[in-house]
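Visitor: Build the 3D model from these lines:
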Amino acid sequence: MKRLILSILLVMSFCFSHAQSGTGVSGQVVDSKTQKPLQGVIATIQNINLTEVTNAEGKFLFKNVPSGSLLLLIKNQGYKDQLLSIEVESGKVLDLGVVVAEEDITDEQQLSLVTLTDNDLGDDNSGSENTSGLLQASRDSYQQAAAFNWGQARFRIRGLDNEYGTTMINGVVMNKLYDGRPQWGNWGGLNDATRNQEFTTGSAPSDYTFGGILGTQEINTRASIYRRGSRISFSGTNTNYTGRVMGTHVSGMNTKGWAFVVSASRRWAKEGYFEGTDYDANSLFASIEKKINDKHSLNFTSIFAQNSRGKSSPNTNEVNDLKGIEYNSYWGWQDGRKRNSRDKDIMEPINILSHYWKINDKTTLNTNVAYQLGHIGNSRLDYQSANNPDPTYYQNLPSYFYNNPDFNVLIDGVLASDKAKSDFLADGQIDWNAMYYANRRSANNGKSVYALYEDRNDDRQFTANTILFSNIANNITLNAGASYRKLKSHNYQKMIDLLGGQYFSDVDPFYQGDLTQSDLNNPDRQILVGDEYGYNYNLLADVIDGFTQFKFRYKKADFYLSQTYSRSDYQREGLYRNGIYASNSYGKSERKTFENFGFKGGLTFKLTGQHLLDFNGAYLSKAPGMRNVFSNARINNNITPEINSERISSVDASYVIRMPKLKMRLTGFFSKIQNATELSFFYGEGLFDEDAVGAGNEDSFISEIVTGIDKKQIGGEFGFEYQLTSTLKVTGAASYGQYTFDNNPNVKINDDAQATATNTNPITDFGPAYMKDYRLPGMPQQAYSLGLEYRDPHFWWIGANANYLSDIYLDVSNIMRTSNFVVEADGLGYSGATDENVRAILKQEKFDPFALVNLTGGKSWKVKNTTFGFFASVNNVLDTKYKTGGFEQSRKATYPDYVADNANGTPSFGSKYFYGYGRTYFVNLYVNF
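Guide: This is a model prediction of the structure:
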């Protein structure tokens, strides 16, 4: 019996020993400064897509790992990624011992830098650990260059507008239904609170949505995933604001299952980089999570970001030559301070309730309900029977008199052109005092002839969605989701300042009789501060969408397939009966519905563990933004003619190297957008034969409708980083693209002056605009960067990068590229409009290339459990002056008018330009505890 028991024990001991000696990898991750273990660190064996998370002791263990050469990625927010090359022997557990995680002091750059330009702020990429192949939760060197080095020049990845990407907070889409773009200001100033982000590039798969062809950005605000601690920072800069203070506290999950995060910031400036651009912003953030049990958690996130800033004006070469590129025509002195007439105010709080359900070890379900409300207001001056208050109004500038010699007469012995020049140089700003004086004249009987109003939209949007993640097999993952969005957007003019008067008249003085009335239901109203006037309507939308996605992982290849369906219903509800469109402005319009679908797929082929080939392709349709569905939404219910969904296709192929010292990606891409629509509003001359019956005014304020636009983007991306030594790293990035219009779209003009009782949709077809092969405007189509970074073992670092950007083109006028420009109403060509002359005029302007040099650096100190540090940067060290964009004015829409305006070399209606910042700095001091 003793021998039997001993034999059984020996066999059990052998079996237990054999079970423990299976092939695996283990280790413990600790902080380099405190030597304390780090919980929640993600360890991934990239060759085989195995992932583990460190426990409370900082330990991880992989089981059943195949033998051979493998790559182990150690990743944690706020720490440097580590890519380790390991050799695993069959039947043995490779113990890596202690893996030291170093604080990523360049992460401070992510939290500190202002990466959005003034116009990106609302005027108009890492991956998920749960996805296969290449997607990682950090930007690669190319994405870093695009965001931080080229962003100041309005660089766009792959030449795509951000409406072709998807931005989410906790899986809730933040892209506006109005124009498809996210309103970044809705969470501006909350860098600490929004740092947990996952990115995908192009059409690569996301766990949360089907996405677009630009990529996806998911901001996760679940309270339990933040690193415990507190942080206070103070910043100074000379960009769009001058000062910032920010504070954040993270509790971590306590023993009762509660976790919370709070963050607040304030940013301000009496004047930013451009003249008269004041800035005032306050932001608050709170996230609280309750862990009900091991399967269920609830999280509530509330975001409040109020932002008010003064805009800067685009200017013609004439104005820039006289006043300099920092000149801003939107402001003037009042009571000893600079007052901007064009303020943008944003306040749209976001509230999200999230439920996390761990159905089992392989399946989770995340359900969210969100409600966003608030307003966006853009102020500007209104005037009636008074002179235009804009100091750059064409009749105030010398060019007006150069181009109209009959008016360039002597005034007190001085030519009118010289007097206009001297007056503009002496002041050239809005005269607030003169407007107050005009409003208070007794002849007006209290009526303001000048007033300040804002174009307002007050949105109320409800969103509900659910997102499923399931490992349906060891190598197969299912992602699926469905969402519903309901929007009511109230759009109107709001009176905000009568400028010393008692009331303002709600009429359009350019018309007569009933046509002058904004609202025939309430005619001849006297408008007071806070009143709605001019236009008043709701935009209503109901949108549903869903997607499914399957990802397959194998030893030598990963691939995925995804599909989506959506339905968008849009409607306008007029609240005023406009005098011009009395029969089709009040009440609800017909409902416009768009049904769309999409398919995409991709393959990652693993040549070795360090060399990969990646392919992605997508075809989808996309509903137009609401702003383009109604041709003149402010005053009628008319739907844009020939409006349809866009058709979008995209392919890309990449070669990727991932080695401990070298990381590189080379990508070629092609995309095509078809059937896009664009609306714009402007004064145009020479568009209609003024002698024709019902033609309206020759000089008219019109809406231009361009439909059937095709765009093509083709190019390549390259990025690398190489660790020269343990302290020195070199990085590089390049982008080469050809982004062009790919057809001749149709142009129609809506002229309100042609509207009659029987013609309630006064649209004239101007035929094709010859746009094919013109370049897409307003972005560099070539960009190159080379950088060097030194990281000292004593926790300080410095970096420098040099950048070269070129192939930036002017936004051209559509109407000038129709036959209207060269052909008279009788069908004959204008005299002098030869092919040579017309080609010279219509050649697209290409801006000069430029170079930008940037410097960054930082230092941190650890004192017990407190970290002190600073980050500093100087952008555009050489103070290079460069154009970032601009547009042709469309007012001179015929050849003879254009030639007359340019006869003296200084046109009154020349192109207007935007300029980038000159030399700027940013300094941030912070304390983490």
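Visitor: how close does the spatially most central residue of the chain get to residue 786?
Guide: When CA atoms, centre = their mean is applied to the chain, the residue found nearest the centroid is residue 162 (5.1 Å). For residue 162, the distance to residue 786 (CB to CB, to the nearest Å) stands at 27 Å. Placement of C-beta: from N, CA and C, glycine included.
Visitor: Then residue 802?
Guide: Taken as CB to CB, the span from residue 802 to residue 786 is 6 Å.
Visitor: tell me which residues in stretch 733-752 are buried?
Guide: 733-735, 737, 739-752 (16 or more other CB atoms under 10 Å).
Visitor: now stretch 908-915
Guide: For stretch 908-915, burial by neighbour count (16+ other CB under 10 Å) applies to 908, 909, 910, 911, 912, 913, 914, 915.
Visitor: swap in stretch 488-503?
Guide: Buried-residue list, stretch 488-503, by 16+ other CB under 10 Å: 489-501, 503.
Visitor: Which ones among these map onto strands?
Guide: 489, 490, 491, 492, 493, 494, 495, 496, 497 (DSSP state E).
Visitor: Residue 587 pairs with what?
Guide: residue 574 (DSSP bridges).
Visitor: try residue 284
Guide: residue 264, residue 304.
Visitor: Report the contact partners of it.
Guide: Contact analysis of residue 284 by CB atoms under 8 Å, 6 or more residues apart in numbering lists 263, 264, 302, 303, 304, 305.
Visitor: switch the cut-off to 10 Å
Guide: Contact analysis of residue 284 by CB atoms under 10 Å, 6 or more residues apart in numbering lists 189-190, 193, 262-265, 302-306, 349.
Visitor: Which strands or helices does the helix or strand where residue 482 lies pack on?
Guide: In this structure, residue 482 is located in strand 476-497 according to DSSP states H and E. When contacts are defined as 3 or more CB pairs under 10 Å, 6 or more residues apart in numbering; DSSP states H and E, strand 476-497 sits against strand 172-173, strand 363-383, strand 450-473, strand 526-527, strand 532-553, strand 557-574.
Visitor: could those strands go into TSV alongside distance to residue 580?
Guide: Converted to TSV, these look like this (distance: least, CB to CB, whole Å):
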stretch	distance to residue 580
strand 172-173	37
strand 363-383	18
strand 450-473	19
strand 526-527	19
strand 532-553	11
strand 557-574	12
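Visitor: now, of the ones you listed, which is deepest in the fold?
Guide: strand 172-173 (a mean of 23; mean count of other CB atoms under 10 Å).
Visitor: Just checking, which helix or strand of this structure averages the lowest pLDDT?
Guide: Within the chain, no helix or strand scores below helix 2-20, which has a mean of 40 by mean pLDDT, DSSP states H and E.
Visitor: Show me what secondary structure element comes after that one.
Guide: Proceeding N to C from helix 2-20, the next assigned helix or strand is strand 24-31, under DSSP H and E.
Visitor: could you point out which element follows that following strand?
Guide: Once the chain leaves strand 24-31, the next helix or strand it forms, by DSSP H and E, is strand 42-45.
Visitor: now the closest residue to residue 481 other than its chain neighbours: how far from residue 176?
Guide: Spatial nearest neighbour of residue 481, excluding adjacent residues (CB to CB, 6 or more residues apart in numbering): residue 467 at 4.3 Å. Using CB to CB, residue 467 is found at 21 Å from residue 176.
Visitor: Residue 159 now?
Guide: Distance, residue 159 to residue 176, by CB to CB: 21 Å.
Visitor: and if you look at residue 517?
Guide: 31 Å.
Visitor: cool, and residue 55?
Guide: 42 Å.
Visitor: got it, and residue 464?
Guide: Applying CB to CB, one obtains 18 Å for the distance of residue 464 from residue 176.
Visitor: How about residue 577?
Guide: 28 Å.
Visitor: higher neighbour count, these two?
Guide: Shown here are residue 577 and residue 176; by other CB atoms under 10 Å, residue 176 has more neighbours (24 against 20).
Visitor: That one against residue 461, yeah?
Guide: Yes. Counting by CB atoms under 10 Å, residue 176 does reach residue 461; the two are 8.9 Å apart.
Visitor: intersection of neighbour lists for those two?
Guide: 348, 372, 487, 489.
Visitor: which one among the residues you listed gets closest to residue 853?
Guide: The nearest member of these to residue 853, counting by CB to CB, is residue 348 at 37.5 Å.
Visitor: Widest-spaced pair of the shared contacts of residue 176 and residue 461?
Guide: Most distant of these, by CB to CB, are 348 and 487, 12.1 Å apart.
Visitor: who touches both of those two?
Guide: Overlap of the contact sets of residue 348 and residue 487 (by CB under 10 Å, 6+ apart) consists of 176, 372, 459, 461.
Visitor: Do you have the helices of the stretch 201-350 of the chain handy? List them.
Guide: All helices of the stretch 201-350 of the chain, identified by DSSP state H, counting those that start in this stretch, fall at 317-323.
Visitor: Strands of that one, residue ranges please.
Guide: With DSSP state E, counting those that start in this stretch as the criterion, the stretch 201-350 of the chain has strands at 215-219, 229-237, 243-250, 258-269, 279-291, 296-310, 315-316, 331-334, 337-340, 343-347, 350-360.
Visitor: dump the residue contacts of residue 758.
Guide: Applying CB under 10 Å, 6+ apart, the residues contacting residue 758 are residue 583.
Visitor: So what's the predicted local confidence for it?
Guide: Per-residue pLDDT puts residue 758 at 87.
Visitor: and it, what element?
Guide: Counting by DSSP H and E, residue 758 is found in no helix or strand.
Visitor: for stretch 341-358, the distance to its chain's centre please.
Guide: Counting by CA atoms, centre = their mean, to the nearest Å, stretch 341-358 is centred 16 Å from the centre of its parent chain.
Visitor: Would you mark the buried spots in it?
Guide: Judged by neighbour count using 16+ other CB under 10 Å, the buried positions of stretch 341-358 are 341-348, 350, 352-354, 356.
Visitor: between those, which is nearest residue 167?
Guide: Distance to residue 167, by CB to CB, is smallest for residue 350 among the buried residues of stretch 341-358, at 12.2 Å.
Visitor: Report the beta-bridge partners for that closest one.
Guide: Residue 350 has these beta-bridge partners by DSSP bridges: residue 303, residue 372.
Visitor: Begin at 58, not 1, for the rest of this chat.
Guide: From this message on, residue numbering opens at 58, which makes the last subject residue 407.
Visitor: doesn't residue 230 make contact with it?
Guide: No. Using CB under 10 Å, residue 407 is not in contact with residue 230, being 11.8 Å away.
Visitor: where does the stretch 358-507 of the chain have low pLDDT?
Guide: Along the stretch 358-507 of the chain, the parts satisfying pLDDT under 70 run over 499.
Visitor: How about the contacts made by the spatially closest residue to residue 335 that is not a sequence neighbour?
Guide: Once flanking residues are discounted, residue 335 sits nearest to residue 367: 4.6 Å by CB to CB, 6+ apart. Applying CB under 10 Å, 6+ apart, we find residue 367 in contact with 175, 297, 326, 328-329, 331-337, 385, 387-388, 395-401, 436.
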